[in-house]
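Novice: Got a predicted structure here, sequence first:
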Amino acid sequence: MSAQSQVTISPVLTRWLVGIPVAIALWVLAYGYLMEFANAVIAALQLSRETQFGEAVHFFFYDTPKVLLLLAGIVFVMGIVQTFFAPERTRALLSGRRVGVGNVLAATLGIVTPFCSCSAVPLFIGFLSAGVPLGVTFSFLISAPMVNEVALVLLFGMFGWKVAALYLMMGLLVAIVAGFVIGKLKMERFLEDWVQKIQAGQVSPHVGEAMTWVERFEAGRDHVRQIVGKVWPYILLGIGLGAAIHGYVPEDFMASFMGKDVWWAVPAAVLLGVPMYTNAAGIIPIVEALIGKGAALGTVLAFMMAVIALSAPEMIILRKALKPTLIATFAGVVATGILLVGYVFNFLL
Amino acid sequence: MKNVKVLGTGCANCKNTLALVEAVSREKGVQIALEKVEDLPSIMGYGVMSTPGVVIDGVVVHAGGVPARSKVESWF
């Protein structure tokens, strides 16, 4: 399986190399005609954007293809990028890193390393056993689910690049600082005993697999199928809600109890977010609804981060490897970070 | 008879992997002793970091995600 270094272009690869530019051209073309498409739908339905219902329908038929196009494009690219960052590779990049630089690197790698919360514990222990410091490992573990391409694309598509960029920066900051703090607290003894034993042990060599480009492209395609196949109902729901709000509900409806002047709104949002568990796509309809009705951005982003980064099921999984003290510290430090982010946002914007 | 272990904590991908291995081995008429390992310390004992992983006769042949069908076929 390892002797595939010959530089011969297979027919399958040729198909990809022709297909991708064609797909890009179609993508760009489609993206350029989003407004025309929505206008055409409105015209075909004999509606007018002057009416509330017409405006809501227009919003729906403009935003849905836009977000789906963005998502398909970015997820495909990320699917390919992730083939370069197998967890084993990320671990090798992080092992022996010093606290500080290591935390920044870990949080950043969390964006591009494929991650599923069901393998959080094996990953966690795998990192520790290779000599990645505890705090650095936590930076990765916080960033990986929270700062991901689906969340960023959805925020970008629905609220613009500024909100997406702020979410990216704040998410990274929470992951870096929380990991740094946990590292400083020297909590290694609060790992379960069997974990501590493994930690002293060996790192088994990974079965090296050199991937071909065809396999990478296929990984990108599978990633699109898997992610877009899973999240499209949430997106339709989110945009549908957004459309309804856009057309009907007066703005500032939520401002009185989730606006920036309500000091307890941020902690309430975080507390509410912890027991809830969903992925980035599932939370977007709620976010859309809240922001559409005039809730403050910091409060809503804090809510979103709490739902994604701190969840009861994940804690239960982590409990197998961490003693309660460490879990409580993890939750406390991350919640504090998210709280600060919420306040800073509300204060600045 | 090959001894095949699927390592995983019980997520959807692990179940898919188990089903795939079972289907392919039956198709090829290969007798296997299929076993699911859900216990974390044992999984970690194989040094697998991203589940699902597949172990055949004590050797880790796959880790991280559902293996491609062609890959599973190459094992039997």
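Specialist: That came in fine, so what should we check first?
Novice: and B:G65, which of the three is it?
Specialist: Following DSSP: H, G, I helix; E, B strand; the rest coil, B:G65 is assigned to coil.
Novice: What parts of the stretch 51-200 of chain A come near chain B?
Specialist: Within reach of chain B by Cβ under 8 Å from any Cβ of the partner chain, the stretch 51-200 of chain A has these residues: A:86-88, A:91, A:114, A:116, A:118-119, A:121-123, A:125-127, A:129, A:194, A:198. Glycine gets a C-beta too; all of them are placed from N, C-alpha and C.
Novice: Filter those down to the buried ones and express that as a ChimeraX selection.
Specialist: In ChimeraX, a selection of the buried entries from these looks like this (16 or more other Cβ atoms under 10 Å in any protein chain shown):
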select /A:86,87,88,91,114,116,118,119,121,122,123,125,126,127,129,198
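Novice: Sketch out the helices for the stretch 151-300 of chain A, chain order is fine.
Specialist: For the stretch 151-300 of chain A, the helices defined by DSSP state H, counting those that start in this stretch occupy A:161-184, A:193-200, A:213-247, A:255-258, A:265-273, A:280-292, A:297-309.
Novice: pretty sure A:L236 contacts A:F61?
Specialist: No: counting by Cβ atoms under 8 Å, A:L236 stays clear of A:F61, with 11.5 Å between them.
Novice: neighbour count winner among those two?
Specialist: Neighbours around A:L236 and A:F61, counted as other Cβ atoms under 10 Å in any protein chain shown, are more numerous at A:F61. The numbers are 20 against 15.
Novice: The more buried one against A:E36, yeah?
Specialist: No: taking contacts as Cβ under 8 Å, A:F61 lies outside contact range of A:E36: 10.9 Å.
Novice: Find the closest residue to chain A in chain B.
Specialist: Per Cβ to the nearest Cβ, B:G47 is where chain B lies closest to chain A, at 2.8 Å.
Novice: Tell me how many other residues surround that residue.
Specialist: The burial count for B:G47: 23, using other Cβ under 10 Å.
Novice: Which ones among the residues of the stretch 51-200 of chain A next to chain B lie within helices?
Specialist: A:P87, A:E88, A:R91, A:V121, A:P122, A:L123, A:I125, A:G126, A:F127, A:S129, A:W194, A:I198 (DSSP state H).
Novice: Pull the number of nearby residues for the closest residue to the fourth one other than its chain neighbours.
Specialist: For A:V121, ignoring the flanking residues on the chain, the nearest one in space by Cβ to Cβ, 6 or more residues apart in numbering or on different chains is A:A321 at 5.1 Å. Other residues within reach of A:A321, judged by other Cβ under 10 Å, total 22.
Novice: pLDDT value on A:A321, please?
Specialist: pLDDT recorded at A:A321 is 86.
Novice: if I look at it, how far off is A:T137?
Specialist: 11 Å (Cβ to Cβ, to the nearest Å).
Novice: can you list residues touching both of those two?
Specialist: A:F124 (Cβ atoms under 8 Å, 6 or more residues apart in numbering or on different chains).
Novice: now the strands for chain B?
Specialist: For chain B, strands defined by DSSP state E occupy the ranges B:2-7, B:32-37, B:53-56, B:59-63.
Novice: right, and these - which one's nearest A:R216?
Specialist: Closest approach to A:R216 among the strands of chain B (Cβ to Cβ): strand B:59-63, 17.3 Å.
Novice: Do any residues in that closest one lie close to chain A?
Specialist: Yes: looking at strand B:59-63 against chain A by Cβ under 8 Å from any Cβ, the contacts come from B:V60, B:V61, B:H62, B:A63.
Novice: Does chain B have contacts with the one helix or strand A:I327 maps to?
Specialist: Using DSSP states H and E, A:I327 maps to helix A:324-348. No: under the criterion of Cβ under 8 Å from any Cβ, chain B is not reached by helix A:324-348; the shortest gap measures 15.4 Å.
Novice: wait, what's in contact with residue 37?
Specialist: Unless you meant another one, I'm taking chain A. By Cβ under 8 Å, 6+ apart, the neighbours of A:F37 are A:F61, A:Y62, A:P65.
Novice: hmm, I had chain B in mind actually
Specialist: Counting by Cβ under 8 Å, 6+ apart, B:V37 has contacts B:K5, B:V6, B:L7, B:G8, B:I43, B:V55.
Novice: Export those residues as a markdown table, with columns for neighbour count.
Specialist: Listed next are these as a markdown table, based on neighbours: other Cβ atoms under 10 Å in any protein chain shown:
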| residue | neighbour count |
| --- | --- |
| B:K5 | 21 |
| B:V6 | 24 |
| B:L7 | 27 |
| B:G8 | 26 |
| B:I43 | 24 |
| B:V55 | 20 |
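Novice: Let's have those residues in JSON lines, adding distance to chain A.
Specialist: Listed next are the contacts of B:V37 as JSON lines, based on distance: Cβ to the nearest Cβ, whole Å:
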{"residue": "B:K5", "distance to chain A": "14"}
{"residue": "B:V6", "distance to chain A": "13"}
{"residue": "B:L7", "distance to chain A": "8"}
{"residue": "B:G8", "distance to chain A": "8"}
{"residue": "B:I43", "distance to chain A": "6"}
{"residue": "B:V55", "distance to chain A": "11"}
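Novice: These into JSON lines, with extra columns for pLDDT?
Specialist: Shown next, in JSON lines, are those (pLDDT from 0 to 100):
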{"residue": "B:K5", "pLDDT": "89"}
{"residue": "B:V6", "pLDDT": "89"}
{"residue": "B:L7", "pLDDT": "87"}
{"residue": "B:G8", "pLDDT": "84"}
{"residue": "B:I43", "pLDDT": "82"}
{"residue": "B:V55", "pLDDT": "89"}
